[in-house]
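> Give the three-dimensional model of this entry:
(4 chains)
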2 protein chains.
Amino acid sequence: MASSPGIPDIVIGRLPIYLRALTQMLQQGHSITSSHELGQRLGISSAQIRKDLSHFGEFGKQGTGYQVDHLLNQLKNILQVDREWPVVVVGAGDLGRALAHYRGFVARGFRVVGVFDTDPKKVGTGEDENRVRNMDNLEDFIRKNSVRIAMLAVPAEAAQAVSDRLVAAGVRAILNYAPITLAAPPDVHVQYIDPVMHLQRMTYYLE
Amino acid sequence: MASSPGIPDIVIGRLPIYLRALTQMLQQGHSITSSHELGQRLGISSAQIRKDLSHFGEFGKQGTGYQVDHLLNQLKNILQVDREWPVVVVGAGDLGRALAHYRGFVARGFRVVGVFDTDPKKVGTGEDENRVRNMDNLEDFIRKNSVRIAMLAVPAEAAQAVSDRLVAAGVRAILNYAPITLAAPPDVHVQYIDPVMHLQRMTYYLE
DNA sequence: TAGATTGTTAATCGATTAACAATC
DNA sequence: TAGATTGTTAATCGATTAACAATC
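The predicted structure is shown next:
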């Protein structure tokens, strides 16, 4: 999770938000926008958006604003999603299969190229790229396909062990759906998705 | 999303992380811990953990640390997850069904009490509480069951309209899986889960 | 030109960390 | 008692915001 250069992590975290909003704007036919308009949509100040973008260059025009498609492409380039990253899904339970079937990845830079599970009943089920593979072949597959990104949808008890195998095989980014904090080397990026944590954050404010 | 009292939002957001780690510690048989130990596990400084907790009271003992089960219960109380919140899932696609089937909610304060979809082919499928209900009955169901929390797993195009209906019916917390920013009144809390945004955040650092 | 909006600097605000007295 | 760790204060650090010259 180390970030050597000068750009704050929190800024990087907002770029995908901008990217998503700009994509939507383009779909809605907006060809020009401004930091003010974008900010209003997202509940972010216009100053923050301009400041964030200024870390990477100048993308706008005084008096006019930003060309949506141009800014979009710049952000894709910065985030390195102007290409298609192969991704493996580990765990073929309900969630793993939902991830494997999800149609929204490709348009945004990712393609699920392999799904893995230990359960012999699950291995072999599913169509094409979603055919569930045996976990024994995990490392081979990752190496042969130069996979750098994995989504982890196994039970909490298994998550750390699987994570270690992924890292050893060359994975450098893990999106972990198991509700535990993973231990990983500093050059491996881990992000967490745990719906319960989001819900618990909201119940604090309820009533 | 308004937070009137003095406790920073960012602090509230860390409490579920502490809660999760403490639960795991208890399972592993630790009955006592310290801010230092907890911090190491989570990659957070011990000072920050003590500072965060100090907003809510004094939960430790000098020289000793924290009684895990006691701190756990205190945090559950603060976050209001020392009870069981009824939750509806809207959208019975792959993701919605995965959420409906997920066994991990109940132990952490939430119970899926209803699943809704517009598709007549889906309505009526599923067992017991997971039986998919017709969207026409959404408002009635929410009111009758005093539901305050919803998980939104519908296509992006439908999300805003469904959100408006949920809010009108009394929902005050929405966990949105659709990849769009929702517009909602200030007293409605919205959290977002978009795996692609997490992936895009990591690709920035790859290579 | 007049109006609008950028990119950037300086000021403000808030969060994190370091340090330590209190005390178990 | 001696060692350890809390809760809290003050210092540091970093992020956000306000303001504005530049300029399209």
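> Quick one: mean pLDDT over stretch A:130-142.
Regarding stretch A:130-142, the rounded mean pLDDT is 98.
> now the lengthiest strand in chain A: mean pLDDT?
When chain A is parsed with DSSP state E, its longest strand is strand A:110-117. Mean pLDDT, strand A:110-117: 98.
> A:Gln160 reaches A:Asn176, doesn't it?
No. Under the criterion of C-beta atoms under 8 Å, A:Gln160 is not in contact with A:Asn176, lying 9.9 Å apart. Backbone N, C-alpha and C define where each C-beta goes, glycine included.
> who touches both of these two?
A:Leu182 (C-beta atoms under 8 Å, 6 or more residues apart in numbering or on different chains).
> Neighbour count for these two, which is higher?
A:Asn176 (25 against 18; other C-beta atoms under 10 Å in any protein chain shown).
> Could I get the pLDDT score of the nearest residue to the more buried one once chain neighbours are set aside?
Sequence neighbours aside, A:Leu152 is the residue nearest to A:Asn176 in space, at 4.6 Å (criterion: C-beta to C-beta, 6 or more residues apart in numbering or on different chains). The model reports A:Leu152 with a pLDDT of 98.
> Can you work out which other helices and strands pack against the host helix or strand of A:Asp52?
Under the criterion of DSSP states H and E, A:Asp52 resides in helix A:46-54. With contacts taken as 3 or more C-beta pairs under 8 Å, 6 or more residues apart in numbering or on different chains; DSSP states H and E, helix A:46-54 sits against helix A:9-27, helix A:35-42.
> Please pull up the helix or strand immediately following the longest one.
Right, helix A:9-27. Toward the C-terminus from helix A:9-27 - assigned by DSSP H and E - lies strand A:32-33.
> which residues are in contact with that next one?
Contacts of strand A:32-33 (C-beta under 8 Å, 6+ apart): A:Leu22, A:Met25, A:Thr64, A:Gly65, A:Tyr66, A:Gln67, A:Val68, A:Leu71.
> if we go to 7 Å?
Identification of contacts with strand A:32-33 by C-beta atoms under 7 Å, 6 or more residues apart in numbering or on different chains yields A:Met25, A:Thr64, A:Gly65, A:Tyr66, A:Gln67, A:Val68.
> returning to what we had before: send the alpha carbons of the longest strand of chain A over as PDB?
Extracted C-alpha coordinates of strand A:110-117, given in PDB (Å, rounded to 0.1, in the frame of the first residue of the first chain):
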ATOM      1  CA  PHE A 110     -11.500  -5.100 -16.100                       C
ATOM      2  CA  ARG A 111     -12.300  -8.600 -17.300                       C
ATOM      3  CA  VAL A 112     -12.800 -11.600 -15.200                       C
ATOM      4  CA  VAL A 113     -10.700 -14.300 -16.800                       C
ATOM      5  CA  GLY A 114     -10.900 -17.000 -14.200                       C
ATOM      6  CA  VAL A 115     -13.000 -18.200 -11.300                       C
ATOM      7  CA  PHE A 116     -11.700 -20.600  -8.700                       C
ATOM      8  CA  ASP A 117     -13.100 -22.700  -5.900                       C
END
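> got the contact list for it?
By C-beta under 7 Å, 6+ apart, strand A:110-117 touches A:84-92, A:96, A:99-100, A:105, A:123, A:126, A:129-130, A:132-133, A:135, A:138, A:141, A:145, A:147, B:196, B:199.
> Please state the offset of the following helix or strand past that strand from the chain centre?
Downstream of strand A:110-117, the first helix or strand assigned by DSSP H and E is strand A:132-134. Offset of strand A:132-134 from its chain centre (C-alpha atoms, centre = their mean, to the nearest Å): 23 Å.
> now the most centrally placed residue in chain A: how far from A:Lys122?
Against the mean C-alpha coordinate of chain A, by C-alpha atoms, centre = their mean, the closest residue is A:Leu175 at 7.2 Å. Computed with C-beta to C-beta, to the nearest Å, the distance linking A:Leu175 and A:Lys122 is 20 Å.
> Shouldn't A:Ser146 be within a helix?
No. Applying DSSP: H, G, I helix; E, B strand; the rest coil, one finds A:Ser146 to be coil, outside a helix.
> Quick one: low-confidence residue ranges for chain A.
A:1-5 (pLDDT under 70).
> residue with max distance from the center of it?
Most peripheral residue of chain A (C-alpha atoms, centre = their mean): A:Gly63, 34.1 Å.
> about what we covered before: quick one: buried ones out of the contacts of strand A:110-117?
A:85-92, A:96, A:99-100, A:105, A:123, A:126, A:130, A:132-133, A:135, A:138, A:141, A:147, B:196, B:199 (16 or more other C-beta atoms under 10 Å in any protein chain shown).
> Can you narrow those down to the ones near DNA strand C?
By C-beta under 7 Å from any atom of the strand, no member of the buried ones among the contacts of strand A:110-117 lies near DNA strand C.
> how deep is the residue lying closest to A:Arg131 once chain neighbours are set aside tucked in, by neighbour count?
Computed as C-beta to C-beta, 6+ apart, the closest residue to A:Arg131 that is not its neighbour in sequence is A:Gly124, at 6.6 Å. By other C-beta under 10 Å, the residues close to A:Gly124 number 11.
> Quick check, A:Gly124 in contact with A:Val132.
Yes. The pair A:Gly124 / A:Val132 is scored as a contact, 6.4 Å apart, by C-beta atoms under 7 Å.
> just to revisit the earlier point, buried residues in the helix holding A:Asp52?
In helix A:46-54, counting by 16+ other C-beta under 10 Å, buried: A:Ile49, A:Arg50, A:Asp52, A:Leu53.
> Identify the bridge partners of the residue nearest to A:Asn176.
Beta bridges link A:Leu152 to A:Val90, A:Asn176, judged by DSSP bridges.
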